[in-house]
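> Here is the input, now give the coordinates:
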Amino acid sequence: MNKVNLQQKFSLFAEHWTPKIVGELNGQLVKLARLKGEFVWHKHDHEDEMFYVVEGILKMELRDQTILLHPNEFLIVPKGVEHKPVADEEVLVMLFEPASTLNTGDTEGELTQRELEIL
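This next block holds a predicted model:
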């Protein structure tokens, strides 16, 4: 067992929209990501996703509303719900999701990350 310091792990990378694995439990991955700009509309047919904001303000756009997340707040996006994360300024997030979750869900493209780095 090793403790994880979030700030230390975030200091190891600067790129946006490239989740890094920092832990695993019960088939779930704990990931860190730096977000800036707009992601793509997508959904996950079989997985729920949890977004926990460490730093910054994340706008989670849904088809019928936008939810603002501030530091120390989280949102669980249920499977099948279309969503688009938006970060006007850089946002640091921790994600909890099944190991099978593809970051772009059903919308594969240039932002799709199939192989994630383990920090």
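> only C-alpha atoms for contact and neighbour calcs from this point on.
Fine.
> where does the longest strand belonging to the chain sit relative to the chain's centre, distance-wise?
The longest strand of the chain (DSSP state E) is strand 83-98. Centroid separation between strand 83-98 and its chain, computed with Cα atoms, centre = their mean, to the nearest Å, is 4 Å.
> got it, and stretch 59-75?
12 Å.
> pLDDT of it, averaged?
Average pLDDT, stretch 59-75: 97.
> Identify the residues contacting that stretch?
50-58, 81-87 (Cα atoms under 8 Å, 6 or more residues apart in numbering).
> Kindly supply the PyMOL command isolating those of these that are buried.
Written as a PyMOL command, the selection of buried residues from these, which uses 16 or more other Cα atoms under 10 Å, is:
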select buried, resi 50+51+52+53+54+55+56+57+58+82+83+84+85+86+87
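> and which of the contacts of stretch 59-75 is nearest to Gln8?
The closest of these to Gln8 turns out to be Val54 (Cα to Cα; 12.8 Å).
> any idea how far that closest one lies from Val40?
Here Val54 is placed at a distance of 21 Å from Val40 (Cα to Cα, to the nearest Å).
> residues touching the residue lying closest to Gly37 once chain neighbours are set aside, list them.
On the basis of Cα to Cα, 6 or more residues apart in numbering, the spatially nearest residue to Gly37 that is not a chain neighbour turns out to be Ala87, at 5.0 Å. With Cα under 8 Å, 6+ apart as the criterion, the residues that contact Ala87 are Leu35, Lys36, Gly37, Glu38, Ile57, Leu58, Lys59.
> go on, Met94?
Met94 touches Val30, Lys31, Leu32, Ala33, Phe51, Tyr52, Val53, Val54, counting by Cα under 8 Å, 6+ apart.
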